[in-house]
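Engineer: A predicted structure for the sequence below; I have some questions about it.
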Amino acid sequence: MTFASLAAKKALHEPIAMVTAYDYPSAQVAEAAGVDIVLVGDSAAMTVLGYESTVPVTVEEMLMLTAAVRRGLSTPLLVADLPFGSYEVSNEQAVTTAQRFIKTTGADAVKIERGGSSVDRARALVAAGIPVMGHVGLTPQTASAIGGYRSQGRTADEALAVYESAIALQAAGCFAIVFEAIPTPATDAIVPHLDIPVIGIGAGPRTDGQVLVFHDLLGIYDGRPARFVKRYAELREPMIAAVTSYADDVRTGRYPQPEHGYAMPADEAARLCSVLADRGATPVRTARTRRIG
């Protein structure tokens with residue numbers, strides 16, 4: 001996937017499939033599934049690293065996760081979230097941070113949140129040759145400042161603010177924009193005014209594509225899913241059941257069985273025991289060896 005082919009998909013009204021990934025195995029799944037874009041989202045803070053919000057995740061943590069995804073990915077476009085506090089201070093800070101992601105992880109682009117000063121940051125990044133994806137509506141990095149995790153654009157004035165931010169980000173050179181938790185009528189009114197692809201998450205069907213969090217769509221994350229999440233699988237319970245069965249097998253001696261081990265020639269095993277006996281080695285009698293021996 002290239003930026004040109006992404007733009008072509010919008011022109012041809014071909015829906016764009018985007019998903020998050022945070023490590024090598026999830027990247028391989030996204031690759032095999034044939035999605036168009038993979039986002040290493042700062043949602044990893046909650047789904048992978050156990051933080052209570054996206055705010056605490058660090059640049060170093062996101063760099064590690066993005067590099068792991070890159071190793072498992074070849075076809076989709078790879079976008080890395082710039083974490084909170086890594087680009088807001090100045091254009092110089094934004095460019096320096098983004099350059100680290102592009103150079104050290106192999107990401108194709110970065111994503112930043114909000115309009116306002118982020119428009120200036122986007123413009124500076126594009127001028128530095130770094131492709132940028134914008135993000136408007138519910139912006140989790142600043143959720144507390146916009147009234148919490150709630151939809152944005154529920155009044156005409158709020159929707160106009162979303163529109164103005166999106167238009168400004170497009171003018172700054174963003175190649176695409178994420179619309180998050182925006183009422184469907186607002187999305188329907190705004191999207192026709194944008195020339196770049198709009199990727200929705202809880203923004204209705206009128207967007208040019210959709211994105212969901214890997215752990216949400218597979219039913220792995222144990223947190224309460226957002227209203228817009230559709231579960232395509234419920235993997236958490238089978239995963240727990242499988243690990244529970246393994247633990248039970250270990251505790252009852254059902255695992256491992258002979259077929260799970262490696263063979264050794266009988267004469268070599270006998271020689272090993274003979275050498276150990278000659279050296280005066282004495283077996284340690286543990287509770288386990290007493291029980292099964």
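Structural biologist: Received, thanks.

Engineer: strands along the stretch 51-200 of the chain, start to end?
Structural biologist: 77-81, 109-111, 132-137, 176-180, 198-201 (DSSP state E, counting those that start in this stretch).

Engineer: may I see the buried residues of the last one?
Structural biologist: What that stands for is strand 198-201. Val198, Ile199, Gly200, Ile201 (16 or more other Cβ atoms under 10 Å). Every C-beta, even on glycine, is put in place using the N, C-alpha and C of the backbone.

Engineer: who's the third one bridged to?
Structural biologist: Taking DSSP bridges, one obtains Phe179, Gln210 as the residues bridged to Gly200.

Engineer: Arg224 sits in which helix or strand?
Structural biologist: Arg224 is located outside every helix and strand, with elements delineated by DSSP states H and E.

Engineer: likewise Met18?
Structural biologist: Applying DSSP H and E as the criterion places Met18 in strand 16-20.

Engineer: mind listing what's buried along the following helix or strand past that strand?
Structural biologist: Sequence order places helix 24-33 as the next helix or strand after strand 16-20, per DSSP H and E. Buried residues in helix 24-33, counted by 16+ other Cβ under 10 Å: Tyr24, Ser26, Ala27, Val29, Ala30, Glu31.

Engineer: can you give me the helices for this protein?
Structural biologist: 3-11, 24-33, 44-47, 59-71, 91-105, 117-127, 156-172, 184-190, 214-217, 236-252, 266-278, 287-292 (DSSP state H).

Engineer: want to throw those helices into JSON lines with distance to His260 and mean pLDDT?
Structural biologist: JSON lines is the format used below for the helices of the chain (distance: least, Cβ to Cβ, whole Å; pLDDT from 0 to 100):
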{"stretch": "helix 3-11", "distance to His260": "47", "mean pLDDT": "97"}
{"stretch": "helix 24-33", "distance to His260": "23", "mean pLDDT": "98"}
{"stretch": "helix 44-47", "distance to His260": "32", "mean pLDDT": "94"}
{"stretch": "helix 59-71", "distance to His260": "29", "mean pLDDT": "98"}
{"stretch": "helix 91-105", "distance to His260": "37", "mean pLDDT": "98"}
{"stretch": "helix 117-127", "distance to His260": "52", "mean pLDDT": "96"}
{"stretch": "helix 156-172", "distance to His260": "55", "mean pLDDT": "96"}
{"stretch": "helix 184-190", "distance to His260": "53", "mean pLDDT": "97"}
{"stretch": "helix 214-217", "distance to His260": "30", "mean pLDDT": "95"}
{"stretch": "helix 236-252", "distance to His260": "11", "mean pLDDT": "97"}
{"stretch": "helix 266-278", "distance to His260": "18", "mean pLDDT": "95"}
{"stretch": "helix 287-292", "distance to His260": "16", "mean pLDDT": "47"}
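
Engineer: so which of those helices is nearest Val178?
Structural biologist: Among the helices of the chain, the nearest to Val178 by Cβ to Cβ is helix 156-172 (10.0 Å).

Engineer: can you give the strand pairings for the strand holding Met18, parallel or anti for each?
Structural biologist: Per DSSP bridges, strand 16-20 is paired in its sheet with strand 37-40 (parallel), strand 209-212 (parallel).

Engineer: right, and Arg121 touches Glu92 too?
Structural biologist: No: the criterion here is Cβ atoms under 8 Å, and Arg121 misses it with Glu92 at 10.0 Å.

Engineer: comparing the two, which residue is more hemmed in?
Structural biologist: Arg121 (25 against 11; other Cβ atoms under 10 Å).

Engineer: give me whichever of the helices of the chain is most buried.
Structural biologist: Mean neighbour counts were compared across those using mean count of other Cβ atoms under 10 Å; the top stretch is helix 44-47, at a mean of 23.

Engineer: please name every helix or strand in contact with it.
Structural biologist: helix 59-71, helix 214-217 (3 or more Cβ pairs under 8 Å, 6 or more residues apart in numbering; DSSP states H and E).
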